[in-house]
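With the input below, show me the fold.
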Amino acid sequence: MVRPRGEISVVCQNEKCRFYLKEEGKDIIKRGKYQTGHQRYFCNHCKTFFMETKGTPLYHKHLTKSEIINICKHLVEKNGIRSIERITGHHRDTIGRLLEDLALHAEMVNSILLHDVKLGQFEVDEMWTFIKKNKRKLSREAQIQMSKVMPGYSIS
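You can find the predicted model right below:
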């Protein structure tokens with residue numbers, strides 16, 4: 001007798017799959033873990049492996065979720081990138097790349113900071129203002145994402 005599969009809340013991350021980001025009809029199973037400790041998934045439809053963090057600011061990062069939240073809290077306190085480097089022990093280039101990734105996933109990060117971390121809207125707006133000021137060369141996509149979460153932000 002076969003044991004029934006557990007409920008998996010992850011959807012297929014392969015853009016070529018016909019069940020890409022679709023909850024209904026998905027056929028995804030767990031297939032071990034990566035060296036980083038993240039869960040590895042397999043889509044039976046498109047026969048591809050993917051990581052649970054794909055499509056998030058955590059993807060391809062050696063930082064944990066708690067370290068990223070800690071860096072966000074320092075950004076809210078208006079600490080500079082070099083100051084955050086001294087406090088956390090992470091290189092300033094790592095923090096700079098993280099700022100770009102946070103801007104690319106602005107809506108997701110905004111909801112996490114407001115609901116999970118329990119920061120206020122004013123504090124989160126200060127963080128986005130700091131990122132906008134210090135990362136003057138944000139990609140076009142990052143600027144579009146930030147315009148969705150910052151009231152009065154215009155793309156130039």
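
ok, residue 130 - how many residues close by?
19 (other CB atoms under 10 Å). The C-beta positions use only the backbone N, C-alpha and C, and glycine is treated the same way.

and it, helix, strand or coil?
helix (DSSP: H, G, I helix; E, B strand; the rest coil).

And it, how far from residue 121?
15 Å (CB to CB, to the nearest Å).

where are the low-confidence patches of this protein?
Applying pLDDT under 70 to the chain flags the ranges 1, 57, 135-136, 151-156.

Please, where are all the strands along it?
28-33, 39-43, 48-51 (DSSP state E).

Give me the neighbour count for the nearest residue to residue 62 once chain neighbours are set aside.
Nearest non-adjacent residue to residue 62, counting by CB to CB, 6 or more residues apart in numbering: residue 36, 7.2 Å away. Residue 36: 12 surrounding residues under other CB under 10 Å.

hang on, residue 72 packs against residue 109?
Yes: under the criterion of CB atoms under 8 Å, residue 72 makes contact with residue 109 at 7.4 Å.
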